[in-house]
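*Asks:* For reference, the sequence and a predicted model appear below.
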Amino acid sequence: MTVIRTRNLAKSFSVRVGTRGAFSLRSLLRPEIRLVEAVKGIDLTVEEGESVAFLGPNGAGKSTTIKMMTGILYPSSGTIDVLGFDPQRDRKRLGFLIGSVFGQKSQLWYHLPPRDSFRLLGAIYEIEPRELAKRTGELVERFGLADLMDIPVRKLSLGQRIRCEIAASLLHRPRLLFLDEPTIGLDVVVKQEIRALLDEWNREGKVTIFLTSHDVGDVEKLCRRAILIHHGTILLDESVKSLKRRAGQRKIVGVRYESPTAIDIPGLEAEKRTPDAAKFFVDSGAGDLQNLIRRLVNLGPVADLTVEDEPLENLIADLYRTGSKEEADELVNR
Amino acid sequence: MKRENAQALLRAYARFFAASFRANLRSAMEYRTNFLIQVFGMMINNAAFVVFWSFLFAKTGALGGYRFQDVMFLWALSSSAFGLSNVLFGNARQLSELVRQGDLDVYLLQPKDVLVNALTSKTIVSAWGDFAYGFVVLAFLGFDPPHWIMFALFVVSGALVFTGVFVISESLSFFLGSSAGITGAATEFILSFSLYPEGIFPSGMRWVFYSLVPSGFIVFLPLRVFRSWSPGLAALVLAVSLAYAFLAAGIFRAGLKRYESGNRIGARD
Amino acid sequence: MNWLTAKRRKYGSSAEVAIRNRWAYPGDFLGLVITYGLFVFVFSRIWIAAYSGRAEIVGYDRSMATWYFIVAELVVFSSGNHFWSFAREIRDGQVAYSLGRPYGFLAYQYAQKMGLALTQWVPFAAIGGLIGTAMAGPLRFSAAQLPVFVLSFLLAASLQYLIQACLAMTAFWLEENSAFYWIYSKISLVLGTLMPLEFLPLPLMRATLFTPFPYVTYVPARIAVAWEPGRAWALVGGQVAWTVAVGLLAAAIFSRGVRKTTIHGG
């Protein structure tokens, strides 16, 4: 079943410019208005059970798109269908079916223990008390919250809070979960825990995940599909696996010699170099890699040799730097 | 809408309201000492004016047709109604701040009315003292049960009007871009005019109390009903306060449309 | 640069910072001015009602009662309620931090608060004067009153600062001390701010003169509306005595509090 479908989705904001002299009569009476197109015609379809990473540099239009999908903002043009509803017209009904974790914005009451917030959320989402107790029990066990449920949220660490936050967002068993930077500011261990929990929930077929993050780890560990938007348009939409494979076609070869050596490879410039070591980027196809390694070994006694895939992060960073779909395609298909 | 649906909706909201209230109470109780100090402080604040009025009336007798008991009634009703508004709808005077910080999103994502959900998500601790104060004064003044019921009813209707005033002044931020100080000024005005005898103000400005600064419906008309029972007037007060609350909700909704459609966006992000 | 100018520069600039901070938030301040204007309006109306059918009450006519309120509240509004910021700074350990600086914490604070009071009174006085004149006629004020009044106003603002400082410094020992300030400001309302002391029952009025309350609001307000040179100087003498006494108390509380902070490490 299709969970999200947008057609030609666009949103523009009119922004008041020229705030110079906030009290000037002219800026008050005839403010200069500039139209900013935040989202320019997005078509995307997400099927039930998918886990999608929604990527893009700051200001690319990610939050605007998510806000339109969840009914917070009205699109300027185009249509959205989320779980069979128009998010703007049926916001309240859709509310029962979707969940959201917006990193900085909490649904938990700051001064109260999570247990109280869970109870309130039970009332908001109209979950019968007995059912609520059952689900709370399950989530507490699954997310390891037993010791946290009775401590006021303000006394929890960020990681503990986010764990509670995610559990709270699953309380009404949403079919679609929006996550905006869920792991921001967390340490490595907590990040891994949270990714594992969400991944599990998704793989059991309980929820479709739509996630934005600047953390490539989130994307690699949690998502099977990546959609990248930039300047309000989709630059790339493909599986994380193939994206990784493309990134992996470029290898990073590192070499260190036992003594200072003149490291000269005709036709290949080193990315980094010290008297006894160097680093090269090379495509793995066309025998280039084999060639390079053979030459490096021939230059002298090798102390260490490493071959790594280029990290996904580099590819994404390159994509962020491109301006158009054509450039992006070229980059991905190089 | 079908009847069962309406009933289910009502039940769902009743439960939601009860849960919010409970959360608010527990939240206030998290800081027990602070809670008690605030409540106590508010009672002292209000009591100071009792002393003032008793000294003044001792020197002057009736003021603008009001006796000491009448002024005490104004204070009792205003405090309790203002208190109830801030106890139940603690966010009423912070709506524009919620909008500015983008914190309205949380309520927009939940399947309950945005305004009700946002308003009930906070309680003002000191307001509990205001709320209690009116009933303490009423006990001192000594009234029969029917008057207690009347008083309680007027506390509820007054709280609706107070909340309406706050919501309207805060909703202006949707249209003006900033409402800095409007609600503060509105609060001062409505409180100041609800705490002093209507009769001391020139007759030329009293229409204000039945329109812009609706103190008339919060205290002055209820006082008349309290002095001599009039079902018509009581019904009018209740009807107007409900109408006021709906008007406020309507204005908020109209403003929210602008927020959602995002035509006006400040220097955010 | 001699010692005195150095000192004056230091405290002078601390006042300047406070004033600039104040004007950084004109909206908040405007709110206070509106509130004050509203109070003046409401109380002018109360006195109109109270004086209908009589020319005077306990020696005050309507104009005197109205202007009394305007001046008394002027002291309260223009000296501000700096209890909160003061207590917060102590709780945050700002005191310990400023101990390392070459000026006394109390004097530094005093310079700040007085700097504020000395500029803030202008808009309040303007709006109060306007409404008062419109509703009760101009204030009858003679040139001879002026120096005594100014002196008494300055002493009142200083006393107000010192009392609030003493109350705020309980924060050295107590986590939550706002109740003290609540009680103080409310008692002060009844004892000489909302209405002249003479309106109180006689025994209460006599007893009140032995407390600091009337020396903050009653004395400047009384001097402004009723000119009796002999009594005025006596009242100002009372202000001086209380200012010195509370000043010594504040210094004592401060040195004890600081000792406690340094021992327990803030």
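*Replies:* Sure thing, it's come through. Model, not experiment: these values are computed from the prediction. Numbers count the residues shown, from 1 in each chain, chains lettered A, B, ... in the order given.

*Asks:* average pLDDT across the helix or strand in which residue A:273 is found?
*Replies:* Element membership for residue A:273 (DSSP states H and E) is strand A:272-274. Averaged over strand A:272-274, pLDDT sits at 85.

*Asks:* Against which helices or strands is that strand packed?
*Replies:* Applying 3 or more Cβ pairs under 8 Å, 6 or more residues apart in numbering or on different chains; DSSP states H and E, we find strand A:272-274 packed against strand A:277-283. No exception for glycine: its C-beta is placed from N, CA and C like everyone else's.

*Asks:* And the longest helix along chain C, what's buried?
*Replies:* Ranked by residue count under DSSP state H, the longest helix found in chain C is helix C:229-264. Buried residues in helix C:229-264, counted by 16 or more other Cβ atoms under 10 Å in any protein chain shown: C:232, C:235-236, C:238-239, C:242-243, C:246-247, C:250, C:253-254, C:257-258, C:261.

*Asks:* From those, pick the one nearest chain A.
*Replies:* Among the buried residues of helix C:229-264, residue C:261 lies closest to chain A (Cβ to the nearest Cβ), at 25.6 Å.

*Asks:* Isn't that closest one up against residue C:172?
*Replies:* Yes. Look at residue C:261 against residue C:172 with Cβ atoms under 8 Å: they come within range, at 6.5 Å.

*Asks:* on that earlier part again, off-centre distance for the longest helix of chain C?
*Replies:* Chain-centre distance of helix C:229-264: 14 Å, with Cα atoms, centre = their mean, to the nearest Å.

*Asks:* do the same with stretch B:229-246
*Replies:* That offset, for stretch B:229-246, works out to 15 Å (Cα atoms, centre = their mean).

*Asks:* tell me the average confidence for that stretch?
*Replies:* Mean pLDDT, stretch B:229-246: 95.

*Asks:* Kindly state the pLDDT recorded for residue 145?
*Replies:* You didn't pick a chain, so chain A it is. Looking at residue A:145, its pLDDT is 93.

*Asks:* meant chain B, my bad for not saying
*Replies:* 91.

*Asks:* Then residue B:41?
*Replies:* 79.

*Asks:* Let me see the contact set for it.
*Replies:* With contact set as Cβ atoms under 8 Å, 6 or more residues apart in numbering or on different chains, residue B:41 has these partners: B:126, B:129, C:178, C:179, C:182, C:183.

*Asks:* and with 7 Å instead?
*Replies:* Residues in contact with residue B:41 (Cβ atoms under 7 Å, 6 or more residues apart in numbering or on different chains) are B:126, B:129, C:178, C:179, C:182.

*Asks:* Could you dump the residues you listed into CSV with pLDDT added?
*Replies:* Below are the contacts of residue B:41 laid out as CSV (pLDDT from 0 to 100):
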residue, pLDDT
B:126, 81
B:129, 86
C:178, 79
C:179, 78
C:182, 81
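
*Asks:* Restricted to helices, list the residues you listed.
*Replies:* B:129, C:178, C:179, C:182.

*Asks:* ok, the last one - how many residues close by?
*Replies:* Right, the one you point to is residue C:182. Per other Cβ atoms under 10 Å in any protein chain shown, the neighbour tally for residue C:182 reads 22.

*Asks:* where's it relative to residue B:43, distance?
*Replies:* Residue C:182 is 10 Å from residue B:43, where distance means Cβ to Cβ, to the nearest Å.

*Asks:* Name the nearest residue to residue 149, ignoring sequence neighbours.
*Replies:* I'll assume chain A. In space, and not counting its chain neighbours, residue A:149 is closest to residue A:115: 4.5 Å by Cβ to Cβ, 6 or more residues apart in numbering or on different chains.

*Asks:* other chain: chain C
*Replies:* residue C:223 (5.1 Å).

*Asks:* Verify the stated contact: that neighbour with residue C:148.
*Replies:* Yes. Judged on Cβ atoms under 7 Å, residue C:223 makes contact with residue C:148 at a distance of 5.8 Å.

*Asks:* How is residue A:14 classified with respect to secondary structure?
*Replies:* At residue A:14 the chain is in strand, as set by DSSP: H, G, I helix; E, B strand; the rest coil.

*Asks:* quick revisit: can you tell me the strand partners of the strand holding residue A:273 and which way each runs?
*Replies:* Next to strand A:272-274 in the sheet, as set by DSSP bridges, lie strand A:277-283 (antiparallel).

*Asks:* Not including adjacent chain positions, what is the nearest residue to residue A:306?
*Replies:* Of all residues not flanking residue A:306 in the chain, residue A:254 sits nearest, at 4.2 Å (Cβ to Cβ, 6+ apart).

*Asks:* Distance from the chain centre to the helix or strand that residue B:95 is a member of, please.
*Replies:* Assessed by DSSP H and E, residue B:95 sits inside helix B:95-100. Taking Cα atoms, centre = their mean, one finds the center of helix B:95-100 at 19 Å from the center of the full chain.

*Asks:* anything in that helix sitting right up against chain A?
*Replies:* No. Between helix B:95-100 and chain A, judged by Cβ under 7 Å from any Cβ of the partner chain, nothing touches; the nearest distance is 10.9 Å.

*Asks:* So what touches that helix?
*Replies:* Taking Cβ under 7 Å, 6+ apart as the rule, helix B:95-100 contacts B:91, B:104, B:118, B:167, B:170, B:171, B:173, B:179, B:259.

*Asks:* With secondary structure and distance to residue B:185 as extra columns, can I get those residues in TSV?
*Replies:* Converted to TSV, the contacts of helix B:95-100 look like this (DSSP: H, G, I helix; E, B strand; the rest coil; distance: Cβ to Cβ, whole Å):
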residue	secondary structure	distance to residue B:185
B:91	coil	19
B:104	helix	23
B:118	helix	22
B:167	helix	15
B:170	helix	12
B:171	helix	15
B:173	helix	14
B:179	coil	10
B:259	helix	23
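
*Asks:* quick check, nearest of those residues to chain C?
*Replies:* Ranked by distance to chain C (Cβ to the nearest Cβ), the contacts of helix B:95-100 are led by residue B:179 at 10.1 Å.

*Asks:* Just the buried residues of stretch B:246-261, please?
*Replies:* By neighbour count on 16+ other Cβ under 10 Å, the buried set for stretch B:246-261 is B:248, B:249, B:251, B:252, B:255, B:256, B:259, B:260.

*Asks:* ok, the first one to residue B:242 distance?
*Replies:* Going back to what we said before, that points to residue B:248. 11 Å.

*Asks:* Repeat that for the fifth one.
*Replies:* Distance of residue B:255 to residue B:242, computed by Cβ to Cβ: 21 Å.

*Asks:* what about residue A:324, how many residues close to it?
*Replies:* As a burial measure, residue A:324 scores 12 neighbours (other Cβ under 10 Å).

*Asks:* typo on my end, it should be residue A:33
*Replies:* Neighbour count of residue A:33, defined by other Cβ under 10 Å: 12.

*Asks:* Also residue A:209?
*Replies:* For residue A:209, the count of nearby residues is 23 (other Cβ under 10 Å).
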